[in-house]
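Trainee: coordinates for the following, if possible.
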Amino acid sequence: MHSTIHRSLSIAALAAIIAPLAQAAELQRPLALDAAASYREAARYPEWSRPVREGMPDPIVAQRTPTRQVLRGRQHSERQLAVWASGIAFEAGQNVDLYASLEDAAPRSLREALTRGQALTITATLVDEAGRTLAELDYADDGRGADVLRGDGVYSVRYRLAPEHAPAPGHAKSIMVKLRALAADGESFAGSGGFQYSSPGARLTGVFDNALRDGSLVLRAQAEVLAAGRYHLAATLSDLAGRPIAEAQSAHDLKPGVQEIELTFYGLALHERGAAGPLRVGSITLTSALGVPNALGPVLSNVALIPARPLSAYTDRAFGRPDLLEAARRLEVDALQR
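Mentor: Coordinates of the predicted model:
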C-alpha cells in the first residue's frame, strides 16, 4: 500500500517536472527553426558583400552619423541635456562643432522656449588619450560660428583641430569631451562624449572604374598611400534615386604610392533587386587599420556612375557560406530532437 502511494507520488512529481520542460522545448523549437532560416538566408551572400534591405539607410552613412547623448540632472527631474557633435571623426585643420540643448516637456510658448534657452551656462574640456587638456570651451546661443539661430535654445561651440596634436599618418586617437552645464535654477548636468582625431594613411583620389567578373560587379578605386599597412575599403551601391541596394568591403595590405584597389558587389543582390542600372557608388570610404582605434577616412558620396547592364549579367546563384549553412543544420537537428 505504502509502496503504491510512494510510486504514485513519484510519478506525479516527475510529471510536474517534465510538463514545463516539454512546454519549454515546444516554445524553443520554432525559435531555433527561425534562427536556422535566418542563417540560411544570410548564407546566400558572401561575408564581404550583402544586400541592403529596402527602406534601410545607407549603412556607411548610418555608421558615421553621430548619436545624441542624454545627460540627467537631479533625480526625478523632467529635464535632460542632449549633447551631440557634427561628426564622429575629424582631421587636422577641420572644425569640430559641438552642440547641447536642454529638453523637457513641450514648452507652452516660443517665449518660454527662448527664456529657457538663455538660462544655461555650458562649458567643456577637451582631453586627449594621454590626459592632456587640449582646450577649454564655452558654449553660446548667439547665432555665431556653429550656432545656427540665436536664442533657439541650442548651444554650440566650434573648435579647430590643431595640426601639432595630430596622430601619425595611418593612426587615430580618441578625444574626450567633458561637459558641464548649469541651469538658472541651479540644476546641474555633467557627462562626457567624444570624437576621433584621425590621420588617414591613405586617401581615395577620386578615380574609379568598374567591370563584371563571374557575374558580380567589381569596383576599382585609386588610392594614394602614405603609410604602409592594412586598409579596409567599404562602399555602398545605390540606384539613381539614392536608394541603397548593396554593400561591399575588402581588406588590403598596401605600400606607399598610388595604386588601384578593388572590392566586389556580389551579383545576386543586384539580380534580385532588378538593379539593371544605371547605378551609383552612393558612398565609399577607406579606413586605415594600422592601430587602435582605426583611422577613419572621409566618406565620399556619389563618386562613380555604373552603366546599365542586363540583369542576366549578374549571377542568380546563392553563394552558400559553409559556416552559416552548418550552423543552420545544427539548429534544425537540435529542434527536431526536441
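
Trainee: show me where this protein has helices.
Mentor: With helices called from DSSP state H, the chain shows them at 2-42, 59-63, 110-118, 267-272, 322-337.

Trainee: check these for me: which has the lowest mean pLDDT.
Mentor: Sorting the helices of the chain by mean pLDDT places helix 110-118 lowest, at a mean of 47.

Trainee: which of the residues in stretch 221-233 are buried?
Mentor: For stretch 221-233, the buried set under the neighbour-count rule, 16 or more other C-beta atoms under 10 Å, comprises 221, 223, 225-227, 229-233. Quick note: C-beta positions are derived from backbone N, CA and C, even for glycine.

Trainee: meant to ask about stretch 188-201, not that
Mentor: Buried residues in stretch 188-201 (16+ other C-beta under 10 Å): 189, 193, 195-201.

Trainee: export that stretch as PDB, just CAs?
Mentor: Below are the C-alpha coordinates for stretch 188-201, written out as PDB (Å, rounded to 0.1, in the frame of the first residue of the first chain):
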ATOM      1  CA  SER A 188      23.400  71.000 -13.000                       C
ATOM      2  CA  PHE A 189      24.300  68.400 -15.700                       C
ATOM      3  CA  ALA A 190      27.600  66.700 -16.300                       C
ATOM      4  CA  GLY A 191      28.900  63.900 -18.600                       C
ATOM      5  CA  SER A 192      31.300  63.100 -21.400                       C
ATOM      6  CA  GLY A 193      31.300  62.300 -25.000                       C
ATOM      7  CA  GLY A 194      33.900  62.400 -27.700                       C
ATOM      8  CA  PHE A 195      35.100  62.100 -31.200                       C
ATOM      9  CA  GLN A 196      38.100  60.700 -33.200                       C
ATOM     10  CA  TYR A 197      41.100  62.700 -34.200                       C
ATOM     11  CA  SER A 198      42.000  60.800 -37.400                       C
ATOM     12  CA  SER A 199      45.100  60.900 -39.600                       C
ATOM     13  CA  PRO A 200      44.300  58.500 -42.500                       C
ATOM     14  CA  GLY A 201      47.400  56.800 -44.000                       C
END
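
Trainee: what's the mean pLDDT across it?
Mentor: 94.

Trainee: could you do stretch 92-109 as well?
Mentor: 80.

Trainee: go on, stretch 306-317?
Mentor: Stretch 306-317 carries an average pLDDT of 96.

Trainee: kindly report the same for stretch 68-76.
Mentor: 84.

Trainee: quick one: buried residues of that stretch?
Mentor: Buried residues in stretch 68-76, counted by 16+ other C-beta under 10 Å: 69, 71, 73.

Trainee: quick check: bridge partners of the residue nearest to residue 235 when sequence neighbours are not counted?
Mentor: Among residues not flanking residue 235 along the chain, residue 284 sits closest, at 4.0 Å (C-beta to C-beta, 6 or more residues apart in numbering). Beta bridges link residue 284 to residue 235, residue 300, judged by DSSP bridges.

Trainee: quick one: contacts for residue 284?
Mentor: Contact analysis of residue 284 by C-beta atoms under 8 Å, 6 or more residues apart in numbering lists 60, 204, 219, 221, 233-236, 299-300, 303.

Trainee: find the nearest non-adjacent residue to residue 324, please.
Mentor: Counting by C-beta to C-beta, 6+ apart, the residue nearest residue 324 is residue 43, at 3.8 Å.

Trainee: tally of neighbours for the one you found?
Mentor: For residue 43, the count of nearby residues is 20 (other C-beta atoms under 10 Å).

Trainee: what are the phi and psi values at it?
Mentor: phi -70, psi -10 (degrees, to the nearest 10).

Trainee: show me where the stretch 151-300 of the chain has strands.
Mentor: All strands of the stretch 151-300 of the chain, identified by DSSP state E, counting those that start in this stretch, fall at 154-160, 171-183, 188-199, 202-213, 216-225, 229-239, 244-254, 257-265, 279-288, 299-301.

Trainee: save the ones you listed as a markdown table, and put in distance to residue 321 too.
Mentor: Compiled in a markdown table, these are given as follows (distance: least, C-beta to C-beta, whole Å):
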| stretch | distance to residue 321 |
| --- | --- |
| strand 154-160 | 45 |
| strand 171-183 | 32 |
| strand 188-199 | 32 |
| strand 202-213 | 19 |
| strand 216-225 | 15 |
| strand 229-239 | 19 |
| strand 244-254 | 15 |
| strand 257-265 | 15 |
| strand 279-288 | 24 |
| strand 299-301 | 28 |
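
Trainee: just name the most buried of those.
Mentor: Of those, the one with the most neighbours on average (mean count of other C-beta atoms under 10 Å) is strand 279-288, at a mean of 24.

Trainee: just the angle for it relative to strand 229-239, thanks.
Mentor: For strand 279-288 against strand 229-239, the angle by axes from the mean of the first three to the mean of the last three C-alpha atoms, to 10 degrees is 160 degrees.
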